[in-house]
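Novice: Predicted structure and sequence below. I'll ask about it afterward.
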Amino acid sequence: MADESNKERVDRELIELLNELRVALPGVQVLFAFLLIVPFSNGYSRMTAGQKDVFFATFVCTALATAFLIAPSANHRILFRQRDKERLLRRSNTQAIAGLAFLALSTVGAAALITDVIFGSLSAGLTAGGVAGVLLVLWFVAPIYRRITTQGDSEPS
């Protein structure tokens, strides 16, 4: 890859990004579908005001995750052949990271809500904290740490 041109690198990186989004999107879609049916189920009326607040926040975060994670594909289609792939790639990367952040919040909210309904608020808090910690480390802290500690490496991404 060291001998690829800038155009070839940008093309490859954009394809890699769009392929990575294909991994995240099914999870977001399943979570969104689950959240869409909750208000219409029998148990929704038995939820506390706090549980409904967590549900709504999770629903909004899932909708935003969906928007941000699909945006790169939509932008790629609309900006097709505009000869501005580098800018598209940078914007799409930012959108994907924002989408992952909202997906993390959605996942934590869903875990908290389900745990609260089943076991109560103490367990919900512990579960949400544990899930948040794992997602934070795996999705953000570890890669950012790796990026910072290898700043001088010239290895292609």
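Specialist: Good, I have the coordinates. Numbering: from 1, shown residues only.
Novice: can we go C-alpha only for contacts and neighbour counts from here?
Specialist: OK.
Novice: can you give me how far the lengthiest helix in the chain is from the chain middle?
Specialist: In terms of residue count, the longest helix belonging to the chain (DSSP state H) is helix 85-119. Remark: helix 85-119 is offset 3 Å from the chain centroid, using CA atoms, centre = their mean, to the nearest Å.
Novice: C-terminal to it, what's the next element?
Specialist: Toward the C-terminus, helix 85-119 is succeeded by helix 121-135 as the next helix or strand (DSSP states H and E).
Novice: next one: that next one to chain centre, how far?
Specialist: Counting by CA atoms, centre = their mean, helix 121-135 comes out at 18 Å from the chain centroid.
Novice: buried stuff in it?
Specialist: Buried residues in helix 121-135, counted by 16 or more other CA atoms under 10 Å: 121, 124-125, 127-128, 131-132, 135.
Novice: Now flag whichever of those residues is closest to Ala67.
Specialist: Using CA to CA, Leu135 is the member of the buried residues of helix 121-135 that sits closest to Ala67, with 20.0 Å.
Novice: And the pLDDT at the closest one?
Specialist: You'll see Leu135 listed with a pLDDT of 98.
Novice: got a list of what it touches?
Specialist: Ala104 (CA atoms under 8 Å, 6 or more residues apart in numbering).
Novice: what stretches of this protein score poorly on pLDDT?
Specialist: 1, 152-157 (pLDDT under 70).
Novice: Quick check: next helix or strand after the strand or helix carrying Phe34?
Specialist: In the assignment (DSSP H and E), Phe34 maps to helix 6-37. Heading C-terminal from helix 6-37, the first helix or strand you meet, by DSSP H and E, is helix 49-78.
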